[in-house]
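>>> Please find the sequence and the predicted model below.
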There are 2 protein chains.
Amino acid sequence: MANPLSEDVLVDPVVLTRALVDVPSVSRNESAIADFVAEVLRTAPHLSVDRLGNTVMARTDLGREQRVVLAGHLDTVPLNGNFPSTVVDDLIYGCGASDMKSGVALALHLAATLPDPAYDITYLFYEAEEIDSQHNGLRHVAEQRPEWLVADFAVLLEPTYGVVEAGCQGTLQASVHVGGRRAHTARAWRGINAIHAAGEVLRRLDDYRPRTVTIDGCTYREGLNAVRISGGVAGNVVPDECTVQVNMRFAPDRTEKQALEHLHEVFAGYEVELIDSAPGAMPGLDAAPAREFLAAVGEAPAAKLGWTDVARFAALGVPALNYGPGDPLLAHAPDEHVEIGKIRDGAATLHRWLASYAI
Amino acid sequence: MANPLSEDVLVDPVVLTRALVDVPSVSRNESAIADFVAEVLRTAPHLSVDRLGNTVMARTDLGREQRVVLAGHLDTVPLNGNFPSTVVDDLIYGCGASDMKSGVALALHLAATLPDPAYDITYLFYEAEEIDSQHNGLRHVAEQRPEWLVADFAVLLEPTYGVVEAGCQGTLQASVHVGGRRAHTARAWRGINAIHAAGEVLRRLDDYRPRTVTIDGCTYREGLNAVRISGGVAGNVVPDECTVQVNMRFAPDRTEKQALEHLHEVFAGYEVELIDSAPGAMPGLDAAPAREFLAAVGEAPAAKLGWTDVARFAALGVPALNYGPGDPLLAHAPDEHVEIGKIRDGAATLHRWLASYAI
C-alpha cells in the first residue's frame, strides 16, 4: 500500500480523515499507519521527528515561550462491518471516524501545514489506547521518553463533539467483602448468611449521596456504584462469603489515596480491597495557552466525567483537556461516523488559536 | 468376586456392614452389589424377589393385616481414600459406612433371618440416591412399579444416629429478579442500579422470621435463605439485573404450591421464578405400625429437617420416617464411620418391633 497521506490530502482535514480511516489500525496493528505518519512528517522541514514503537512524535523548536501538545491515538477498536469509509450527505462513516481519526486528522493537518505556530508544538500520534493500559503508547512515552511530554498545556483530540471537556475524573475499583458462616440450609440457624449481611453494604450504596464539585467552572459529578456482586456455595448451603465490587468515580480534587480512604469510611466495618485505580486530572484552565484556547473555541468548558489519557499529562504536571470533532456516543459503534462540519469547525478553531501569534 | 454375603455374614449385622462397605457401589456402579443382594434373597423361601434396574425388591406374603417397607439405597458417593473398610476400636470406617450401608445391613439381615414377622414386609434396596434425582431408583419404582410401595408404613434407613426422624421438610429453589437500567458509571444518574435495588430483597430476607411448626410432637423449623447472588455487566457499567437465588425449607403442613405462593408474598413487587421444588412429608406417626415402632425405639421422635426419600412414600400416601445407625454429620466425609454399638442397637430395636407378633 502506497502512502495515502499525500500533500493534497494533508491540506484538507476532511479528506485526511477518510484517508486515515482507510488505513486499518486495530490495536496492535498500527505499524502501517505509524509508518505513513512518520514518513510524511519527516518531509516537513519545521519538524523534528522521533518514534517509540508505533508511537510517532514530531515537534517544532522555534524558541517560543510556551509549548503545547496535540495528541491523538492511532488505533481503533476491531472493525465491525464499517471498513472502509463511506460518505453519506455530510457524514463520514467508518471504524475510528469519531474515535479518533478525525481528531488525529486535525493534528496531522496542522503539523503538515502550520510551519510557524504561536507556540512550540509537540505532536503525538500514539498506539494502543483502546486496549489494556499496559500497551498504551502514551504510557510508554511517559515512562521511557518523559521529555516528549514537557509542555505548558496539552489538548487530547478525543471525541467531545466540539465541546471543551476539561480534566477528567478518577476511577477506582474495589471489592467489599462480607463474611458469614456456612451451614446446611435445613439448619440455617447454625450459620450466618453472608448474602443477607451484604444487604447493609447495598443499603449504604443506595443511601450514598455523591458530591458535586465545581473547579474552574467545570462541574464534576462523582458516583459510587456496585458493578458486580457474587456469593453462594451451593443450593443447600448458607453462604459464608459475598463480594460486592464497587466503582467509584471521583472528582480531580481527590487523589487515588483519598478516594480509597473515603471508601474505607463508607464501608467501615467491612474488608475493602483495592482492585485498581487511575487518578483524575484537574481542568487546569488558568494556564495562558488554555485561556487562549478557550477564547478561540468561544464556548464554556464542561467537565470530563469519564477517564481519559489527559490524566497521564496531569500526572506529569501538564494541564490537559479533551477536544475533538467526533461524537463520544458513537465511539465503538458499528455505525460510527463524524460530521464533516465538526471537522471543519475544529480545524478552524485550532488554526485560530495556534496561528494567532503569527497573524 | 464371589458373593461375600454368605449365611455366616448375614446373621451378624456388624459383619454384614463391613461386607457391604467392601463391595464398591458408587452411584451408577451398583450392578455388582445388586447382584449379590438379589442372589442371597432369592435363596430365602419366605421371600419373593423382583428387580428394576439395580433396584432389588423382596417381600413376604404372609397375609398379615398390615405391611411395612424397609428401604435403603445401595449406592455411595465417590470413594475418597476410605475403601475398603477398616475397624478401629468400636468404629467401622469406610465409604458408605454411615450413609447408608449400616442401615442396608439391618434390612438385609432382617430379610434373611426373620421368616415370620409381625407385619408383611417389603424390602427395597435401591440405586442412585446420591446423584441427580432423575436416576433415583426409588423414584423409578414409584413411577414404574408403584405396587411395590403399597404399605401402611415405611422406614427409610438413612443415618439418624439411632433417633427417629419423622417426615421431612420440603425444599424449594427460586430466583428473585431485580431489574434496573444500564448506564456508564461515569454518568450513573442516567441508570438504575439493579444491585443497589437488590438491597431491599436482602433486607426482607434478613427481616424474615421463619415459622416453627409442631406436628405429632415433631418440631419443624422452616428457613428462607439466599444461596446465591449474581449481577454485573462490566466494571464501568451500572448493572441492569441482579438475581438472588433463595432456598426455602418448609414444614410438611405446606404444599409446594403454598410454599411458592408464600415466596410471592414475601417478595411482592419482584419477579419470582421457580427453579425446582420437592414436597415435604408429614410425620404420620398415628398409624398403628408407627406407634409400635416408636414404642420399640422407646424415645421421642424428632423432626427431619433435611429432605429425604421419605417424601416419595408420603406422596403415595404411605407414612414414612427415617431411622438408621449412622451419624448424618459423617455422611460423605472422608473419615465416614459408624459405631458398632449403634448397629447392634438398631438391629435389636427392629427385631423387637417386627418379631413382636411372632413371639
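Yep, that arrived.

>>> so which strand or helix has A:Ala105?
helix A:102-113 (DSSP states H and E).

>>> Distance from that helix to the middle of the chain?
Helix A:102-113 has its C-alpha centroid displaced from the chain centroid by 18 Å (C-alpha atoms, centre = their mean, to the nearest Å).

>>> likewise stretch A:1-16?
In this view, stretch A:1-16 has its centroid 26 Å away from the chain centroid, taken as C-alpha atoms, centre = their mean.

>>> Next, the buried residues of it.
A:Pro4, A:Leu5, A:Val9, A:Leu10, A:Asp12, A:Pro13, A:Val14, A:Val15, A:Leu16 (16 or more other C-beta atoms under 10 Å in any protein chain shown). Placement of C-beta: from N, CA and C, glycine included.

>>> Among the residues you listed, which lie within helices?
Using DSSP state H, the members of the buried residues of stretch A:1-16 that fall in helices are A:Val9, A:Leu10, A:Pro13, A:Val14, A:Val15, A:Leu16.

>>> of those residues, list those near chain B.
When C-beta under 8 Å from any C-beta of the partner chain is applied, no member of these is adjacent to chain B.

>>> and those as CSV, adding pLDDT?
Output for those, formatted as CSV (pLDDT from 0 to 100):
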residue, pLDDT
A:Val9, 98
A:Leu10, 97
A:Pro13, 98
A:Val14, 98
A:Val15, 98
A:Leu16, 98
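
>>> And the residues you listed, which is closest to chain B?
Closest approach between these and chain B, by C-beta to the nearest C-beta: A:Pro13, at 28.7 Å.

>>> residues contacting the closest one?
A:Ser102, A:Ala105, A:Leu106, A:His109, A:Ile343, A:Arg344, A:Gly346, A:Ala347 (C-beta atoms under 8 Å, 6 or more residues apart in numbering or on different chains).

>>> Mind doing that once more with 6 Å?
By C-beta atoms under 6 Å, 6 or more residues apart in numbering or on different chains, the contact set of A:Pro13 is A:Ala105, A:Leu106, A:His109, A:Ile343, A:Ala347.

>>> Look up how far A:Lys101 lies from it.
Distance of A:Pro13 to A:Lys101, given as C-beta to C-beta, to the nearest Å: 11 Å.

>>> For the stretch 251-359 of chain A, what lies in contact range of chain B?
Neighbours of chain B within the stretch 251-359 of chain A, by C-beta under 6 Å from any C-beta of the partner chain: A:Leu305, A:Gly306.

>>> Strands of the stretch 251-359 of chain A, start to end?
A:271-278, A:302-303, A:320-322, A:337-339 (DSSP state E, counting those that start in this stretch).

>>> just checking, what packs against the shortest one?
To tie it back to what came earlier, the one meant is strand A:302-303. On a contact count with 3 or more C-beta pairs under 6 Å, 6 or more residues apart in numbering or on different chains; DSSP states H and E, strand A:302-303 meets strand A:218-221.

>>> Pull out the CA atoms of the strand it packs on and give them to me as CSV.
Extracted in CSV, the C-alpha atoms of strand A:218-221 (Å, rounded to 0.1, in the frame of the first residue of the first chain):
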residue,chain,number,x,y,z
CYS,A,218,-16.4,22.7,35.4
THR,A,219,-18.8,20.6,37.4
TYR,A,220,-17.8,17.1,38.3
ARG,A,221,-20.4,14.7,39.5
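
>>> in its sheet, what does it sit against?
Strand A:218-221 pairs in its sheet with strand A:212-215 (antiparallel), by DSSP bridges.
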